[in-house]
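In: predicted model and sequence follow; I will ask about them next.
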Amino acid sequence: MLERTDRLTMFLPSREHPLTWGSACLGEDTEILLADETFVSLLHSIGQAIWTNQQGTRRIKRIHKFATLATDPPLYEVEGNWMTASHFTRSGPGEKWRRASEIRGSNVPNRRIPQGSVYAVELDTNDHLTLRGGIQAAAFGNCLIVEPHRQGYTQDFRFNIDQALRRKNLLKTHIIEWHHEGIGHRADGSLILDTDRIKLPQKTNSKPLEVPTTKSPLRPKQEVYRDCGRCRKPEAKLKCACLATHYCDVRCQREDMPNHRQKCTHMILKDVHLIQHQLDQHKANHGQFTIEVARLELVLTETHVKLADLLRSSGVGINRRN
């Protein structure tokens, strides 16, 4: 009688992989290492710059709060940090990423039944978090860094999340709450994302504030300055052409350029014009039915979408002035 082996199973028909719900999240008491080398609790970290060995600043964009059930996989303790079994961690740079349930040490890891909610941290730029004990943990939606070939870990993950939040008027909300089974993995490791499980804010019955009918006396217009986009110092007077970011001086602007270029509507609009010019020139010289034309049209569409998404999410238009 033949035994079932890998050599034989490769010819068998594919099977539907059962769902294994469970978001890759951290416990509420998790502390995160910031850029100034201090730790802050997870729920007080929104907007903070995290510690990173990469160029540019990474900030915590929002926190995702997931409901749990007692029947969910247990939480594991890794160097004093509690996280769900499917969360990716590693002990330091260059080490292999492993799920919390796969980490083996000299002792059996502590486990506990999920109680309450667990949390995922979303960054404005793909990177990892550093926790107590020097443990590095993957952030929400950046599994492309950890497992780039996994099914479902696509480049448009963030775009899909932002689109769903925009439809629900939650794009500027700092803490996003999800019903159970909102995100997880199948048994084969592929990602599951159900944005319909995002909770909507509860409506209140409070009466709107009464607007006074008498006009207040006009006051002289005051010049308003913002924090520097590079060093975060107040009263930054130099404004980028996109009108969304201020800097102390040209030096701060130049140092922040690699990071700011990814979200500068002025520069991305220049890219749109450049790509359009290259496309028109190539059509005139080689015709419109070439591989290069198809590539440029795809890049042009993606750049248009990126620009529109930035304008909608920030509320800043190119010709808008304070």
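Out: That came in fine, so what should we check first? Just so it is clear, the model here is predicted, and its values are computed rather than measured. Residues are numbered from 1 along each chain as shown.
In: what comes into contact with stretch 127-140?
Out: 24, 26, 30-33, 39, 50-52, 54, 58, 64, 78-81, 83, 87-93, 97, 120-123, 126, 142, 145-146 (CB atoms under 8 Å, 6 or more residues apart in numbering). Every residue, glycine included, has its C-beta placed from N, CA and C.
In: and it, which residues are buried?
Out: 127-131, 135-140 (16 or more other CB atoms under 10 Å).
In: for stretch 27-34, same thing?
Out: 27, 30-34.
In: could you look up the SS state of residue 166?
Out: helix (DSSP: H, G, I helix; E, B strand; the rest coil).
In: how about it, what does it touch?
Out: Contacts of residue 166 by CB under 8 Å, 6+ apart are 312-313.
In: distance of it from residue 308?
Out: For residue 166, the distance to residue 308 equals 11 Å [CB to CB, to the nearest Å].
In: show me which of the buried residues of stretch 127-140 is closest to residue 232.
Out: residue 127 (18.1 Å; CB to CB).
In: how far away is the closest one from residue 98?
Out: In terms of CB to CB, residue 127 sits 18 Å off from residue 98.
In: over to residue 123?
Out: Taking CB to CB, one finds residue 123 at 21 Å from residue 98.
In: those two: which is more packed in?
Out: residue 123 (20 against 16; other CB atoms under 10 Å).
In: check what pLDDT that one gets.
Out: On pLDDT, residue 123 comes in at 86.
In: just residue 268 next, same as before
Out: Reported pLDDT for residue 268: 91.
In: leaving aside the residues next to it on the chain, what's closest to it?
Out: residue 307 (4.8 Å; CB to CB, 6 or more residues apart in numbering).
In: and residue 163, how many neighbours?
Out: Neighbour tally, residue 163, other CB under 10 Å: 15.
In: rewinding a little: please name every helix or strand in contact with the helix or strand where the residue nearest to residue 268 lies.
Out: Following DSSP states H and E, one finds residue 307 within helix 291-314. Applying 3 or more CB pairs under 8 Å, 6 or more residues apart in numbering; DSSP states H and E, we find helix 291-314 packed against helix 157-167, helix 265-286.
In: hey, where'd the helices end up in the stretch 1-150 of the chain?
Out: In the stretch 1-150 of the chain, the helices defined using DSSP state H, counting those that start in this stretch lie at 6-9, 143-146.
In: least confident of those helices, on average?
Out: Among the helices of the stretch 1-150 of the chain, helix 6-9 scores lowest, with a mean of 42.
In: nice, that's everything, thank you.
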